[in-house]
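1. below are the sequence and a predicted model; questions follow.
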Amino acid sequence: MAESVLELRDVRYRYPTGAEALTGVTFAVGEGEKVGLVGPNGAGKSTLLLAVAGFLPAEGHIRVAGHTLTPSTARDVRRHLGLVFQDPDDQLFMPRLGEDVAFGPQTMGLGPDEVRARVHEALEAVGLAGAEDRSPHHLSQGEKQRAAIATALAMRPQILALDEPTAGLDPRARRRLAELLHGLANTLLVIGHDLDLILRVCGRAILLDGGKVVADGPAGELLADRALLESHGLELPPSLAGRA
């Protein structure tokens, strides 16, 4: 494996109610690797993402882009971890799209010329070049999702982490998003129930259930294992189900 840019060792988190959400998650992701994190509802996938970003006080060891996560380093860690949430409206809140994409670089203290360059670069990468003056609220759902990705890419993160990125998208928008993600050079961590997207984009899949890793391997093999998937509340991806 390439040098690890994300390392988790015995990561644990317990809800305030006392219920365990993460029960000792351990895995590493190499630089440039594209990894799909799959599992049934309640498996701990989104909780794990929030823990990696330092938004939840998890126990254990988390290291992102060479930075060990602690309360005092969480802000630095998030500069290397671009988060894209399930609902793009959570990330698009400015009157113009260009302002949304510029927000992150501006918080880094970059100069106006560098901010403009990053906005152009990020929008071009997601197929929205020239859309700086458009209102985010007038974009289609697929365009919104790509715009949300642009807000993360403008920070030039080493790792791009996406939570259910195809939620609410029609087939054409899902295909375009898959092509976009496949073409990115960033290390990717894709969380989702869209197993066809994972197959198209990711070379590796990690199956999480009950707050722990239960399988980890090549996406094409893991996601073709009907017995494994069904034992954890999942079904074969539609693209594979017809061949079974």
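-> Here it is on my side, so go on. Numbers count the residues shown, from 1 in each chain.
2. C-alpha from now on. contacts and neighbour counts both.
-> Noted.
3. figure out how far the lowest-mean-pLDDT helix or strand in the chain is from the centre of its chain.
-> Using mean pLDDT, DSSP states H and E, the weakest-scoring helix or strand in the chain turns out to be helix 238-241, at a mean of 86. Distance of helix 238-241 from the chain centroid (Cα atoms, centre = their mean, to the nearest Å) equals 23 Å.
4. with stretch 125-135 instead?
-> Between the centre of stretch 125-135 and the centre of its host chain there is 21 Å, according to Cα atoms, centre = their mean.
5. send the alpha carbons of that stretch over as CSV?
-> Once side chains and other backbone atoms are set aside, the C-alpha atoms of stretch 125-135 remain, and they are given as CSV (Å, rounded to 0.1, in the frame of the first residue of the first chain):
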residue,chain,number,x,y,z
ALA,A,125,-12.9,20.3,-11.7
VAL,A,126,-16.6,19.6,-11.1
GLY,A,127,-17.8,20.9,-14.4
LEU,A,128,-19.2,24.2,-13.2
ALA,A,129,-16.6,26.6,-14.6
GLY,A,130,-18.1,30.0,-15.2
ALA,A,131,-20.9,29.5,-12.6
GLU,A,132,-19.4,31.8,-10.0
ASP,A,133,-22.3,34.2,-10.2
ARG,A,134,-25.1,31.7,-10.1
SER,A,135,-27.3,31.3,-7.0
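6. circling back: show me the contact partners of the least confident helix or strand of the chain.
-> Here helix 238-241 makes contact (Cα atoms under 8 Å, 6 or more residues apart in numbering) with 196, 224.
7. give me that answer again for 6 Å
-> For helix 238-241, contacts defined as Cα atoms under 6 Å, 6 or more residues apart in numbering pick out no residues.
8. got a pLDDT number for residue 187?
-> At residue 187 the predicted local distance difference test score is 96.
9. which of the three states applies to residue 37?
-> Assigned by DSSP: H, G, I helix; E, B strand; the rest coil, the conformation of residue 37 is strand.
10. measure how buried the nearest residue to residue 142 once chain neighbours are set aside is and give me the count.
-> Once its chain neighbours are removed from consideration, residue 142 has its nearest residue in residue 173; the separation is 5.2 Å (Cα to Cα, 6 or more residues apart in numbering). Counted with other Cα atoms under 10 Å, the neighbours of residue 173 add up to 18.
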